[in-house]
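Enquirer: Just a sequence and a predicted model for now, questions to come.
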2 protein chains.
Amino acid sequence: MRNPLSARAVRGKADQPSAGAARRAVPTAVDLGPLGGFIGYRLRRAQLSVFAGFELALREIGLTPGELSVLVVIARNPGLRQSDVCAALGIQRANFTPLLHALEADGLAIREVLPADRRSNALRLTSHGRDVLARALALHERLEKRITACLGEAGRTQLIDLLRKLETL
Amino acid sequence: MRNPLSARAVRGKADQPSAGAARRAVPTAVDLGPLGGFIGYRLRRAQLSVFAGFELALREIGLTPGELSVLVVIARNPGLRQSDVCAALGIQRANFTPLLHALEADGLAIREVLPADRRSNALRLTSHGRDVLARALALHERLEKRITACLGEAGRTQLIDLLRKLETL
DNA sequence: ATCATGTGATTATTTATCATAACTAATTAT
DNA sequence: ATAATTAGTTATGATAAATAATCACATGAT
């Protein structure tokens, strides 16, 4: 199974003292200093957590976040060329090729040479691809629900808005 | 120079049609569909953007985000053991070793065997390490300023708060 | 028509990140 | 003592991302 992101627990352990550490001065609270206020640090930790949740939620399908995003874009824009998908998702063309080939090998997507420009490949989902995408979106919905439960509906929209602003830093 | 994250432009190109694409139906607006509402997707794009900004801001020092976080934690908690730093930052011990050795090789940090438990290494910054950290924090401050300018002061605190909630998903 | 140039896709290569497993040395517990 | 843990290291594999080079095709100018 292709496996994008491990399900590693996000919190370290060392939550309980452990026999060997019992003697040392309470290491339970490490001072993060200014780090806790770094947007980059918080982004990284949050993304690790959410991606771990993604891997868990979509385990039975085995899609990576990147693959799901490609499937969604192709489904909404059938016939799109590879470069356009790359540009839309911020993926390097060179890295896109093997990703797409994996989707093709799994029977989810097809490339057909564009008659108007035979250098280009127009991308489409197979009907199987549409089925898998629908199931994946349903599973993913559960993850988003969990997130909404965690942030509140207002918090969720706020977060999306703030993150979108960051993209154009 | 150790280089964690490339300075790749976050926006794809294809902003102007380009001669070859002039004929096709306007590909300028790709429909992202539900993707735009995925927290995971927004997180990934935002983190790419912020990390690119990080790499740019700290280029002259050449610290990675991970390395800076380790320096900060050691500075605030001198004498801390490796495992404690790992647990605090969510880094695997196995991956921490080479990271720390790099800091040591650059003369920023030192490991000294803990007499009380000779399996453990207590970590400290060298004075040079403290100098570099101070410079790095100053440079990083500029990045945070840019982010604040982008989000507003209130937006920034909101974002941190929301991201922290996500960590415990 | 041809030729220089640019573009789409691919391949190969490199680097960084993250995870797992196995190993050593030291410590603690029975 | 012996067994079980723990800290750190090493080795390894998988993934992601970036760069450079290559090939096929398309375009624009001569």
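Expert: Received it, and whenever you're ready, just let me know what you need. Numbering: from 1, shown residues only, chains lettered A, B, ... in the order given.

Enquirer: for the longest helix along chain A, packing partners?
Expert: Criterion DSSP state H: the longest helix present in chain A is helix A:127-151. When contacts are defined as 3 or more C-beta pairs under 8 Å, 6 or more residues apart in numbering or on different chains; DSSP states H and E, helix A:127-151 packs onto helix A:39-57, helix A:65-76, helix A:153-167, helix B:39-57, helix B:153-167. C-beta: built from backbone N, CA, C; applies to glycine.

Enquirer: how about CSV for those helices, with mean pLDDT, distance to DNA strand C and mean neighbour count added?
Expert: Formatted as CSV, the helices and strands packed on helix A:127-151 follow (pLDDT from 0 to 100; distance: least, C-beta to the nearest atom of the strand, whole Å; neighbours: other C-beta atoms under 10 Å in any protein chain shown):
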stretch, mean pLDDT, distance to DNA strand C, mean neighbour count
helix A:39-57, 94, 6, 22
helix A:65-76, 96, 12, 22
helix A:153-167, 96, 18, 17
helix B:39-57, 94, 9, 22
helix B:153-167, 96, 14, 17
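
Enquirer: hang on, the earlier thing: now the longest helix of chain A: buried residues?
Expert: Using 16 or more other C-beta atoms under 10 Å in any protein chain shown as the test for burial, helix A:127-151 gives A:129, A:132, A:133, A:136, A:137, A:139, A:140, A:143, A:144, A:147, A:150, A:151.

Enquirer: Out of the helices and strands packed on helix A:127-151, the one nearest residue B:80 is which?
Expert: Nearest to residue B:80 among the helices and strands packed on helix A:127-151 is helix A:39-57 (17.4 Å), distances taken as C-beta to C-beta.

Enquirer: Check the contact between residue A:107 and residue A:127; I expect there is one.
Expert: No. Counting by C-beta atoms under 8 Å, residue A:107 sits too far from residue A:127 to count as a contact (9.7 Å).

Enquirer: who touches both of those two?
Expert: Between them, residue A:107 and residue A:127 share no contacting residue under C-beta atoms under 8 Å, 6 or more residues apart in numbering or on different chains.

Enquirer: will you turn the helices and strands packed on helix A:127-151 into TSV that also has distance to residue B:94?
Expert: Output for the helices and strands packed on helix A:127-151, formatted as TSV (distance: least, C-beta to C-beta, whole Å):
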stretch	distance to residue B:94
helix A:39-57	17
helix A:65-76	24
helix A:153-167	31
helix B:39-57	23
helix B:153-167	22
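
Enquirer: nearest to DNA strand D, of the ones you listed?
Expert: Taking C-beta to the nearest atom of the strand, helix A:65-76 is the member of these nearest to DNA strand D, at 5.3 Å.

Enquirer: For the closest one, which helices and strands make contact with it?
Expert: Other elements packing on helix A:65-76 under the criterion 3+ C-beta pairs under 8 Å, 6+ apart are helix A:82-89, helix A:93-105, strand A:109-114, strand A:117-125, helix A:127-151, helix B:39-57.

Enquirer: what's the angle from it to strand A:109-114?
Expert: Interaxial angle, helix A:65-76 versus strand A:109-114 (axes from the mean of the first three to the mean of the last three C-alpha atoms, to 10 degrees): 50 degrees.

Enquirer: Just give me the residue right at the centre of chain A.
Expert: Here the mean C-alpha position of chain A is nearest to the C-alpha of residue A:65 (C-alpha atoms, centre = their mean), at a distance of 3.2 Å.
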